[in-house]
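Undergrad: next comes the sequence, and after it the predicted model I'd like to discuss.
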Amino acid sequence: MNYIDIYDFIEQLFKYRSINKYAISSVNVKDRNRLKSLIEWCIDNGVIEEDDDNIRLLKSVEFLTSLPHFDISPNRFNIYIEWHEFEQYVSQIFAELGWDVYMNYTHTKADRFQIDVIAMNDSLKLSLFVECKHWKRTSRLRANIDNVVGEHIKRIEKYLRNCEWVCTKVTKLRNIKYILPIVIVLLDLPIKVFKGIPIIPIYKLVDFVTNIDSYTDALDLVLYKNRCYSGS
């Protein structure tokens, strides 16, 4: 019998969003129990569903983010994640953590700009302006980071010049005192900081948001004062 490794099995599931469950028996013995544990966890958490013959992938980003917990590197598979799935997952994480979320704000006045996700926390008086970057390789991150961060800073500056207009759509921004721009990537890397802006792997997003005060201090992140803050 010709055996495949666990990465080949996972890649087929990502690529076709379905695989015959009996293909598990084709995975080499040393990886088979780990694969079974991964699949059982995903079924229990609604990430995968199983019928008589097939395993179907329902939530691709959730599946991707589960892989490191089973000692499986996810970086080979992020090419199979659609951009809209990535953005929706980021928005979902913020909502589950109690933040208000506004997706895909597009400004069409004189200063044109677009923000993938605006997450707002009234109690912290803080908003995160999120840029979701779907880099497929770490080399792209290294080559493009200066341009991406620079463009994101320009978005913040445009917001600050036009915040009265923005707040007519995103009214909760009037309760926000500070804005923190962040970039979220699908690559499994340590959190990096460039020009005061954190580059956060999706796998570390929950930890970052949960401990945002500590990260802001420890990483010396840049907070922008919201000119349209209506509080005292």
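TA: Perfect, I can see it now. Since the structure is predicted, the reported quantities are computational estimates derived from the model, not experimental observations. Residues are numbered from 1 along each chain as shown.
Undergrad: could you break this structure into its assigned domains?
TA: Following automatic domain parsing, one gets these domains for the chain: 6-79, 82-225.
Undergrad: in TSV: the ones you listed, plus distance to G231 and mean pLDDT.
TA: Backbone N, C-alpha and C define where each C-beta goes, glycine included. Supplementary listing: these in TSV, determined by distance: least, C-beta to C-beta, whole Å; pLDDT from 0 to 100:
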stretch	distance to G231	mean pLDDT
domain 6-79	35	94
domain 82-225	7	92
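Undergrad: correct me, but I184 touches V130?
TA: Yes: at 6.0 Å, I184 counts as touching V130 under the criterion of C-beta atoms under 8 Å.
Undergrad: so for the two, which residues contact both of them?
TA: By the contact definition C-beta atoms under 8 Å, 6 or more residues apart in numbering, I184 and V130 are jointly contacted by V90.
Undergrad: buried stuff in stretch 91-110?
TA: Using 16 or more other C-beta atoms under 10 Å as the test for burial, stretch 91-110 gives 91, 93-94, 99-103, 105, 107.
Undergrad: which members of those are positioned in helices?
TA: The members of those that map onto helices under DSSP state H are 91, 93-94.
Undergrad: L128 belongs to a helix, doesn't it?
TA: No: the assignment for L128, made by DSSP: H, G, I helix; E, B strand; the rest coil, is strand rather than a helix.
Undergrad: okay, and the beta partners of it?
TA: Counting by DSSP bridges, L128 is bridged to A119, L180.
Undergrad: how near is it to I115?
TA: Applying C-beta to C-beta, to the nearest Å, one obtains 10 Å for the distance of L128 from I115.
Undergrad: higher neighbour count, these two?
TA: Between L128 and I115, counting by other C-beta atoms under 10 Å, L128 is the more crowded of the two (26 against 22).
Undergrad: quick one on the thing from earlier: which of the buried residues of stretch 91-110 sit farthest apart?
TA: Using C-beta to C-beta, those reach their maximum pairwise distance at I93 and H107, which is 24.4 Å.
Undergrad: circling back: among the buried residues of stretch 91-110, name the ones in strands.
TA: Using DSSP state E, the subset of these located in strands is 100-103, 105, 107.
Undergrad: CSV for these, including distance to Y178?
TA: What follows is those, written out as CSV (distance: C-beta to C-beta, whole Å):
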residue, distance to Y178
D100, 15
V101, 17
Y102, 17
M103, 21
Y105, 18
H107, 20
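Undergrad: quick one: which of these is nearest K204?
TA: So of those, ranked by how close each gets to K204 (C-beta to C-beta), first place is V101, at 18.8 Å.
Undergrad: that closest one and R155, how far apart?
TA: According to C-beta to C-beta, V101 and R155 sit 17 Å apart.
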